[in-house]
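J.: Okay, here's the prediction I keep looking at, along with the sequence it came from:
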Amino acid sequence: MNDKLAEYSARIIARLANDMKSDRGDVPGWVLVTVMTAGLVVAIWSVADGQLKSVLGSALRSVSAP
């Protein structure tokens, strides 16, 4: 799973770098921040999926417990 994520991230970065070299202009800062944030969320989610489910389940059980 992490190999696929690393390959996907590398392709996105290469594509962004290639697009930045074109004549169309520079990528606005907010687009770069958005893409990088989304990448971080995907990376963290893929690594901590089990722990996040456990924490969420525990929180929901504690709220809904009589």
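T.: Received, thanks.
J.: roughly how far apart are Asp49 and Ile13?
T.: 23 Å (C-beta to C-beta, to the nearest Å). (Each C-beta comes from the backbone N, C-alpha and C, glycine too.)
J.: what's the weakest-modelled helix or strand in the chain?
T.: helix 2-21 (a mean of 80; mean pLDDT, DSSP states H and E).
J.: Beyond that helix, next helix or strand please.
T.: Counting by DSSP states H and E, the next helix or strand C-terminal to helix 2-21 is helix 29-47.
J.: for the next helix or strand after that next one, the distance to its chain's centre please.
T.: Later in the chain than helix 29-47, the nearest helix or strand by DSSP H and E is helix 49-64. How far helix 49-64 lies from its chain's middle: 21 Å, per C-alpha atoms, centre = their mean, to the nearest Å.
J.: now helix 49-64 and helix 29-47, what's the angle there?
T.: Angle, helix 49-64 to helix 29-47, by axes from the mean of the first three to the mean of the last three C-alpha atoms, to 10 degrees: 80 degrees.
J.: Which residues outside helix 49-64 are in contact with it?
T.: Trp45 (C-beta atoms under 8 Å, 6 or more residues apart in numbering).
J.: Do me a favour and average the pLDDT over that helix.
T.: Helix 49-64 shows an average pLDDT of 90 in the prediction.
J.: Just the C-alphas of that helix, formatted as PDB.
T.: In PDB, the C-alpha atoms belonging to helix 49-64 read as follows (Å, rounded to 0.1, in the frame of the first residue of the first chain):
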ATOM      1  CA  ASP A  49      -6.300   3.800   9.400                       C
ATOM      2  CA  GLY A  50      -6.600   1.200  12.100                       C
ATOM      3  CA  GLN A  51      -5.800   3.500  14.900                       C
ATOM      4  CA  LEU A  52      -8.200   6.200  13.600                       C
ATOM      5  CA  LYS A  53     -11.100   3.600  13.500                       C
ATOM      6  CA  SER A  54     -10.300   2.500  17.000                       C
ATOM      7  CA  VAL A  55     -10.200   6.000  18.400                       C
ATOM      8  CA  LEU A  56     -13.500   6.900  16.600                       C
ATOM      9  CA  GLY A  57     -15.200   3.700  17.700                       C
ATOM     10  CA  SER A  58     -14.100   4.300  21.300                       C
ATOM     11  CA  ALA A  59     -15.300   7.900  21.200                       C
ATOM     12  CA  LEU A  60     -18.700   6.900  19.800                       C
ATOM     13  CA  ARG A  61     -19.100   4.100  22.400                       C
ATOM     14  CA  SER A  62     -18.400   6.500  25.200                       C
ATOM     15  CA  VAL A  63     -20.900   9.000  24.000                       C
ATOM     16  CA  SER A  64     -23.700   6.500  23.300                       C
END
